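1. predicted structure and sequence below. I'll ask about it afterward.
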Amino acid sequence: MASEARLKAAVLLCMAGVASLAFGAGMVSGSPRLVVLCGLAALPLLWTAWGLLTRLAMLRHPKPPEAKVVLSIEQQHLVDSALALETSLEHAPIALFRIEGAGGEGVVKPLNGNARKLVAPGRASDPQALYRQLAAQPGEQRSIIQFDTERGVERALLALSTLSLQDSAQRLAALMPVESELEAEALNAWRQLVHVLTHEIMNSLTPVASLSRTARDMLEECRPALPPDIGHDLVTALDAISRRADSLADFVASYRSLSNVPAARPERIRVSALFERVRALVAPLWRARGGEVRFSVEPATLELVADPGQLEQALINLLKNAFEASAAVEGARAQVSARLVRGGRLRIEVADEGPGVPPELVAHIFTPFFTTKKQGGGIGLAMVRHLVHENGGTVRYARPVGSGARFVISF
């Protein structure tokens, strides 16, 4: 009660002050300045009176205490279990989606952090297309699906389950990106295959080349005793065998380099310095043809932990392909850029102004022995993928914005 009386007295004092100022303003109505000053002086008193009245109302009508909900042991256990399950799903190492409705018109919603990251800017380039693809999957199944990302086409393992919640049929889609794992397995398989093939071919080629040269020397010794036409034909045949054996040995040796890449020796390197070294090697060739290679790094202090020699070789191979692909374009240019993207990843892009890669061939361009060039050996892009993978990165062919080809290296 004493507090309430003090509050009432304070309110009366404030109102008395406001009344006095109002009376004073009336007395000096001939001076606009004094009237304004009286009004400004009354504002703090009115504000104080409002606060006091609010406190007085709270004293007269106190807020009832909130009733505390007491859970039984079983109920608390259920709540704890639900929270633990929600936390586990949120941090699950797969992307979980809920599909409501049947057919391709179903509504797809991400359920955990990995699902939201997958459809966030910087990952899937068209989230709605991914949603439509998930909704169109029939029944319960396991399959490999493909979807476009900012780094290129990626593959993921999809597992679908059907369930009923609150009398509503729903499907749960679990999506696990496996592009990196599949790529690593494919690289190891190709390395083993190339190693076996080159080993067996060289084992057969070496004696063929040696025996052809020996036979050629023996033929020269006894050639006077042979008819001229027979001697000439034998020399021609042995020379052809020797040349083809040497040429095939050089061809196999180029593939042997794919299976004998030394282990990476990573070190901290500045990307701008790396680009300068690559520029010094490739720029003269482009300028001689009237073209240009442009390099950009954002920010200029960007650094990377990798084997500098292997990364340089990967970039040189990509620029060599770009140079050959844009040979028919007058004044063609290539662009090499590096920047940080969402998630703290470092992204290096190599783009050219050539004809690009036909969509039906994109899935094969990194495969050893595959080439569209008449004189190509199918080793360049396979070596790029191997070198980048050895340094903990990935390389993809990304859909170009305009014309040309665009390769994306991510670390």
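-> Received, thanks. Numbering: from 1, shown residues only.
2. where along this protein do the strands fall?
-> 95-100, 107-110, 142-149, 152-165, 168-177, 267-270, 292-298, 303-306, 333-341, 345-351, 394-398, 406-410 (DSSP state E).
3. could you dump these to JSON lines with distance to residue 385?
-> Yep, even glycine has a C-beta here, placed from its N, CA and C like the rest. Formatted as JSON lines, these follow (distance: least, CB to CB, whole Å):
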{"stretch": "strand 95-100", "distance to residue 385": "25"}
{"stretch": "strand 107-110", "distance to residue 385": "31"}
{"stretch": "strand 142-149", "distance to residue 385": "17"}
{"stretch": "strand 152-165", "distance to residue 385": "12"}
{"stretch": "strand 168-177", "distance to residue 385": "17"}
{"stretch": "strand 267-270", "distance to residue 385": "20"}
{"stretch": "strand 292-298", "distance to residue 385": "22"}
{"stretch": "strand 303-306", "distance to residue 385": "15"}
{"stretch": "strand 333-341", "distance to residue 385": "18"}
{"stretch": "strand 345-351", "distance to residue 385": "13"}
{"stretch": "strand 394-398", "distance to residue 385": "5"}
{"stretch": "strand 406-410", "distance to residue 385": "10"}
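4. closest one to residue 366 among these?
-> Of all these, it is strand 394-398 that lies closest to residue 366, at 7.6 Å by CB to CB.
5. list the helices and strands that closest one packs on?
-> When contacts are defined as 3 or more CB pairs under 8 Å, 6 or more residues apart in numbering; DSSP states H and E, strand 394-398 sits against strand 152-165, helix 179-222, helix 380-390, strand 406-410.
6. off-centre distance for the third one?
-> When C-alpha coordinates are averaged (CA atoms, centre = their mean, to the nearest Å), helix 380-390 and its chain have centres 17 Å apart.
7. re the thing from before, okay, the strands of the chain in JSON lines with mean pLDDT and mean neighbour count next?
-> Shown next, in JSON lines, are the strands of the chain (pLDDT from 0 to 100; neighbours: other CB atoms under 10 Å):
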{"stretch": "strand 95-100", "mean pLDDT": "83", "mean neighbour count": "20"}
{"stretch": "strand 107-110", "mean pLDDT": "85", "mean neighbour count": "16"}
{"stretch": "strand 142-149", "mean pLDDT": "79", "mean neighbour count": "14"}
{"stretch": "strand 152-165", "mean pLDDT": "77", "mean neighbour count": "15"}
{"stretch": "strand 168-177", "mean pLDDT": "79", "mean neighbour count": "17"}
{"stretch": "strand 267-270", "mean pLDDT": "92", "mean neighbour count": "13"}
{"stretch": "strand 292-298", "mean pLDDT": "91", "mean neighbour count": "16"}
{"stretch": "strand 303-306", "mean pLDDT": "91", "mean neighbour count": "18"}
{"stretch": "strand 333-341", "mean pLDDT": "89", "mean neighbour count": "18"}
{"stretch": "strand 345-351", "mean pLDDT": "89", "mean neighbour count": "20"}
{"stretch": "strand 394-398", "mean pLDDT": "84", "mean neighbour count": "21"}
{"stretch": "strand 406-410", "mean pLDDT": "89", "mean neighbour count": "22"}
